[in-house]
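Engineer: from the sequence below, what's the structure:
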Amino acid sequence: MTKPLQYAVSQGLVLGPALQFIGWIMRNVTKEHIINFGGKLAIILGTVIFVRGCMVLAERKGVSKWFGLLGIVTGFIWNKL
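Structural biologist: Alright, predicted model coming up:
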């Protein structure tokens, strides 16, 4: 795997869920509206980064890159917790 693709995969599969978790904490720990909104934005941004990493990884494994869109399911899970 080349360096830019390896970076995209590792960024997507590590940074994405980390941002989702931070957003979940921000959303559920405090009742202030601005922090709650920031938590939702962090979850959305983390989901986008994670899906990008999943799409690159799926393409590198020889599957259609659109199969990586299943990573969006994690965004729905973090929003419902």
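Engineer: mean confidence (pLDDT) on the helix or strand hosting residue 77, please.
Structural biologist: Using DSSP states H and E, residue 77 maps to helix 72-80. Helix 72-80 carries an average pLDDT of 73.
Engineer: just the helices in the chain please.
Structural biologist: 3-10, 16-29, 33-60, 72-80 (DSSP state H).
Engineer: which stretches of the chain aren't confidently modelled?
Structural biologist: For the chain, residues meeting the criterion pLDDT under 70 lie at 1-3, 78-81.
Engineer: please tell me how far the residue lying closest to residue 71 once chain neighbours are set aside sits from residue 63.
Structural biologist: Nearest residue to residue 71 in three dimensions, chain neighbours excluded: residue 54, at 3.5 Å (C-beta to C-beta, 6 or more residues apart in numbering). To be clear about C-beta, it is placed using only N, CA and C from the backbone, and glycine gets the same treatment. According to C-beta to C-beta, to the nearest Å, residue 54 and residue 63 sit 10 Å apart.
Engineer: looking at these two, which is more packed in?
Structural biologist: When residue 54 and residue 63 are compared for neighbours, residue 54 comes out ahead with 22 against 12, by other C-beta atoms under 10 Å.
Engineer: residue contacts, the more buried one?
Structural biologist: Taking C-beta atoms under 8 Å, 6 or more residues apart in numbering, we find residue 54 in contact with 12, 13, 68, 69, 70, 71.
Engineer: surely the second one is in contact with residue 53?
Structural biologist: Yes: using C-beta atoms under 8 Å, residue 13 is in contact with residue 53, at 4.6 Å.
Engineer: between these two, who's got more neighbours?
Structural biologist: Counting neighbours by other C-beta under 10 Å for residue 13 and for residue 53 shows that residue 53 has the greater number, 23 against 18.
Engineer: isn't the more buried one up against residue 19?
Structural biologist: No: contact criterion C-beta under 8 Å: residue 53 and residue 19 do not qualify, at 11.7 Å.
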